[in-house]
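Undergrad: when you get a sec, could you give me coordinates for this:
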Amino acid sequence: MRLKIYMAGFEVFRDDAAETGLRMKRLCEEYGFEGIFPLDKDIKPLPEKWETAKAIFEGNLRLIEKSDLIIANLDPFRGNEPDSGTVFECGYAYGLGKKLYGFLSDGRTMAEKLMPGIDQSSGLYKDGMRVEDFGLPTNLMISVPSTIVEGTLEDALKRARKDLLEKKDM
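TA: Next comes the predicted model:
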């Protein structure tokens with residue numbers, strides 16, 4: 001039986017989200033996993049937007065619950081940080097005891113990435129606040145419980161395969 005991976009990320013907002021999800025699921029299969037994409041639920045628009053939003057939320061929770069691990073796209077989305085929905089999904093999965101993997105294209109520390117906006121005399125970012133500097137590529141609440149890979153979904157799948165599947169074969 002193959003391990004199930006819930007693929008969290010902002011890919012669901014792409015114009016070609018359904019096709020992207022299929023490609024991602026095929027890639028999971030190549031590495032011996034069963035991919036679960038957030039659109040893998042049958043949610044029809046309901047009369048009220050709130051009802052639709054709630055149905056999507058609850059559907060995603062069910063998909064996470066039936067997964068064995070999460071691989072999350074942690075690249076910045078509409079700012080300097082990962083998508084907030086993706087971060088929530090990681091926290092929910094962690095609370096359920098699921099293994100977390102994340103990938104991002106820029107593995108530098110947050111302090112390195114934000115350096116151009118840091119005032120050298122005060123050490124404060126342009127918003128007047130300190131930058132978390134623990135040598136991690138994302139906020140510590142994501143970096144500490146996750147195995148983070150610099151690269152793509154495929155790189156994260158390779159790492160998960162090495163950690164979870166090849167270890168079993170030994």
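Undergrad: what sits against Ala55?
TA: Ile43, Leu46 (CB atoms under 8 Å, 6 or more residues apart in numbering). (Each C-beta comes from the backbone N, C-alpha and C, glycine too.)
Undergrad: measure stretch 112-120 end to end?
TA: Start-to-end span of stretch 112-120 (CA to CA, to the nearest Å) is 13 Å.
Undergrad: shaky segments in this structure?
TA: In the predicted model of the chain, residues 168-170 satisfy pLDDT under 70.
Undergrad: now Arg108: closest residue in space that isn't a chain neighbour?
TA: Pro137 (6.6 Å; CB to CB, 6 or more residues apart in numbering).
Undergrad: which element is the one you found on?
TA: Using DSSP states H and E, Pro137 sits within no helix or strand.
Undergrad: Thr147 is in contact with that one, correct?
TA: No: taking contacts as CB atoms under 8 Å, Pro137 lies outside contact range of Thr147: 11.9 Å.
Undergrad: out of these two, which sits in the more crowded spot?
TA: Shown here are Pro137 and Thr147; by other CB atoms under 10 Å, Pro137 has more neighbours (20 against 16).
Undergrad: for the more buried one, grab phi and psi.
TA: phi -80, psi -20 (degrees, to the nearest 10).
Undergrad: mind listing the helices for the chain?
TA: For the chain, the helices defined by DSSP state H occupy 17-30, 49-65, 84-95, 110-114, 140-143, 153-160.
Undergrad: deepest of these, which one?
TA: Ranked by mean neighbour count, those are led by helix 153-160 with a mean of 20 (mean count of other CB atoms under 10 Å).
Undergrad: how far off helix 17-30 does that one point, in degrees?
TA: Per axes from the mean of the first three to the mean of the last three CA atoms, to 10 degrees, the angle that helix 153-160 makes with helix 17-30 is 30 degrees.
Undergrad: I'd like to know which elements helix 153-160 is packed against.
TA: strand 4-8, helix 17-30, strand 69-73, strand 99-104, strand 146-150 (3 or more CB pairs under 8 Å, 6 or more residues apart in numbering; DSSP states H and E).
Undergrad: on that earlier part again, now do the same contact list for the residue nearest to Arg108.
TA: If you count contacts by CB under 8 Å, 6+ apart, Pro137 has them with Leu74, Leu104, Asp106, Gly107, Arg108, Thr109, Met110, Ser143, Ile148, Glu150.
Undergrad: name whatever forms a beta bridge with the spatially most central residue of the chain.
TA: Geometric centre of the chain, nearest residue: Ala72, 1.8 Å, by CA atoms, centre = their mean. Counting by DSSP bridges, Ala72 forms beta bridges with Ala8, Gly102.
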